[in-house]
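Undergrad: Mind looking at a prediction? Sequence and model below.
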Amino acid sequence: MADTAPAVLVIGAGMYVAGRGAGTDGTVLPTLMQAQARGAIGEIMVAATTRDSVEMLQGKLAELNTRLGTQVQVRGYPTGGERDPSAYQRALEELPRPACAIVVVPDHLHASITADVIRAGVHPLVVKPLTPTVREAQELINLAEAGDIYGAVEFHKRHDESNLLLRQALADGRLGTPCYVTVEYSQRRMIWGVFGSWVKKTNIFQYLGVHYVDLIHFLTGARPLRVLATGQPHDPELGEGPDFDAIQAMVEWEDPRSKRPFISTIVTSWVDPDSTSAFSDQKITVVGTQGRYQADQKHRGVQMVTQQQGGVDDVNPYFCQTYVGADDNLGVHGYGPASINQFLADVRDLTSGRRQRRELVGKRPSFQDALASTAVVEAVNYSLSVGGEWVTV
């Protein structure tokens, strides 16, 4: 089969797509614009719920075209009217083939919308978590298997060089057998304000902590055994918001080599002041019988102070940044774009026949590989609901 650049449908037009509500460029849109400019993908289509969201995205597109020197066009849905939650279904019908889709919608809609994508014969990439429950995840896996469709989850921390270095140290045995992992991960409180009406249908662990559940699974190959979670109820003085301001989860894992258990403690919150010097504050420590690995993934050693910003910005130059590279070309760089580009490359390989879908399972954050993180998310939510009891995964 000829190597044809696939068309891409993005379902969702919010913060991660185009920076809506966060004052950024987003990650999905600039990555796809650059991919199209390089001939890696074909047409780009975006389906949102309202026409206003499409128009905001088109405004960001025009701004990025000017900065990147591109002439990318995006076909937006809905094409008319005020609101149409089913606009993505029409887009799926009109999407040129071969094709793939990037699903960037509220967590509770992942299962139904991704199922429609699979039924349309389109390979989906879903932002984390895959689904809030194992039952929904397994139904998507079964549906994709039946249709020979490849599904993946956008776990971009697998592409962060500091995490890959940690993975190699574990694989080489330099840290010995894992004893415990600690993670601290918080974000500015404005983030749950961006969620708006669906903030109570998710929580900070499901939104942030799931990244590190998948990462621990990816780093060690370990299997989650049981979970205990506690949380601090939302402070009403902060205004209407989520059920929990912070959640702490302990996960007991079984190391696949030694068959010994180890514990991860993942502390997550979204009550950092909006004036804090970075969008995310995150740290990970892994302690084994032969060594220790620590990574402060907020303080990357780059700090910027400008009059325009009116404060200090601790920059993460490795996630998603736009700058002129060593090749003297302006481009989008980082492990966020790398995660999306990996999926696009895999789709091209699948549609051209260079790879088979089953070859990617175990090597990518496929739907099958995401079952571990989904199972922990579900167990954490249940543990929270019963007052912090241990829950078997």
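TA: Yep, that arrived. Owing to the predicted nature of the structure, the values given are computational and were not obtained by experimental measurement.

Undergrad: quick one: low-confidence parts of this structure?
TA: Scanning the chain with the threshold set as pLDDT under 70 gives 1-2, 309-310.

Undergrad: mind giving me the domain split of it?
TA: For the chain, the structural domains run 7-156+327-360, 161-317+374-392, going by automatic domain parsing.

Undergrad: how far out from the middle of the chain is the first one?
TA: Spelled out, it's domain 7-156+327-360. Counting by CA atoms, centre = their mean, to the nearest Å, domain 7-156+327-360 is centred 12 Å from the centre of its parent chain.

Undergrad: Show the end-to-end separation of it, please.
TA: 21 Å (CA to CA, to the nearest Å).

Undergrad: again with the shortest one
TA: Separation of the first and last residues of domain 161-317+374-392 by CA to CA is 32 Å.

Undergrad: still on that earlier bit, check the domains of the chain for me and report the most buried one.
TA: By mean neighbour count, with neighbours taken as mean count of other CB atoms under 10 Å, domain 7-156+327-360 ranks first of the domains of the chain at a mean of 19. For every residue, glycine as well, the C-beta is placed using N, CA and C.

Undergrad: circling back: between the domains of the chain, which one is closest to Gln368.
TA: domain 7-156+327-360 (6.0 Å; CB to CB).

Undergrad: before we move on, the earlier item: next, format the domains of the chain as JSON lines and append distance to Ser366.
TA: Written out in JSON lines, the entries for these read as follows (distance: least, CB to CB, whole Å):
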{"stretch": "domain 7-156+327-360", "distance to Ser366": "6"}
{"stretch": "domain 161-317+374-392", "distance to Ser366": "11"}
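
Undergrad: Which elements pack onto the host helix or strand of Thr66?
TA: Under the criterion of DSSP states H and E, Thr66 resides in helix 51-68. When contacts are defined as 3 or more CB pairs under 8 Å, 6 or more residues apart in numbering; DSSP states H and E, helix 51-68 packs onto helix 15-18, helix 28-37, strand 74-77, strand 330-333.

Undergrad: Could you find the closest non-adjacent residue to Ile149?
TA: Counting by CB to CB, 6 or more residues apart in numbering, Ile118 is the residue found nearest to Ile149 once chain neighbours are left out, at 5.0 Å.

Undergrad: how close does that neighbour sit to Gly26?
TA: When CB to CB, to the nearest Å is the yardstick, Ile118 and Gly26 sit 25 Å from each other.

Undergrad: what do you get for Val227?
TA: Counting by CB to CB, the gap between Val227 and Gly26 amounts to 32 Å.

Undergrad: Could you do His156 as well?
TA: Distance, His156 to Gly26, using CB to CB: 13 Å.

Undergrad: what would the helices and strands packed on helix 51-68 look like in TSV with distance to Gly147?
TA: Formatted as TSV, the entries for the helices and strands packed on helix 51-68 read as follows, by distance: least, CB to CB, whole Å:
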stretch	distance to Gly147
helix 15-18	26
helix 28-37	24
strand 74-77	23
strand 330-333	32
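
Undergrad: who wins for proximity to Leu95 among these?
TA: When those are compared (using CB to CB), the closest one is strand 74-77, at 9.4 Å.

Undergrad: Distance-wise, check the residue nearest to Ile149 relative to Tyr150.
TA: 10 Å.

Undergrad: what touches both of those two?
TA: Counting by CB atoms under 8 Å, 6 or more residues apart in numbering, the contacts common to Ile118 and Tyr150 are Ala144.

Undergrad: Can you show me the helices along this protein?
TA: With helices called from DSSP state H, the chain shows them at 15-18, 28-37, 51-68, 87-94, 110-119, 134-147, 161-172, 190-195, 204, 210-220, 335-352, 357-360, 371-385.

Undergrad: Output these as TSV; include the columns distance to Lys259.
TA: Compiled in TSV, the helices of the chain are given as follows (distance: least, CB to CB, whole Å):
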stretch	distance to Lys259
helix 15-18	38
helix 28-37	40
helix 51-68	50
helix 87-94	45
helix 110-119	33
helix 134-147	24
helix 161-172	16
helix 190-195	39
helix 204	32
helix 210-220	13
helix 335-352	31
helix 357-360	27
helix 371-385	17
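
Undergrad: how about those helices, which one is nearest Asp235?
TA: Per CB to CB, nearest to Asp235 of those: helix 190-195, 12.1 Å.

Undergrad: hmm, who's touching the closest one?
TA: Residues external to helix 190-195 that are found in contact with it (CB under 8 Å, 6+ apart): 14-15, 20-22, 106, 199, 202, 241-242, 270, 274.

Undergrad: Tell me the gap between it and the middle of its chain.
TA: Here helix 190-195 shows a centroid-to-chain-centroid distance of 16 Å under the convention CA atoms, centre = their mean.

Undergrad: which secondary structure elements does the helix or strand following that helix contact?
TA: Along the chain past helix 190-195, the next helix or strand (assigned with DSSP H and E) turns out to be helix 204. Using 3+ CB pairs under 8 Å, 6+ apart as the contact criterion, the elements in contact with helix 204 are strand 244-254, strand 261-272.

Undergrad: can you list those in JSON lines and add distance to Ile113?
TA: Listed next are those as JSON lines, based on distance: least, CB to CB, whole Å:
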{"stretch": "strand 244-254", "distance to Ile113": "26"}
{"stretch": "strand 261-272", "distance to Ile113": "24"}
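
Undergrad: To Gly325, which of those lies closest?
TA: Gly325 sits nearest to strand 261-272 of all the helices and strands packed on helix 204, at 31.4 Å, using CB to CB.
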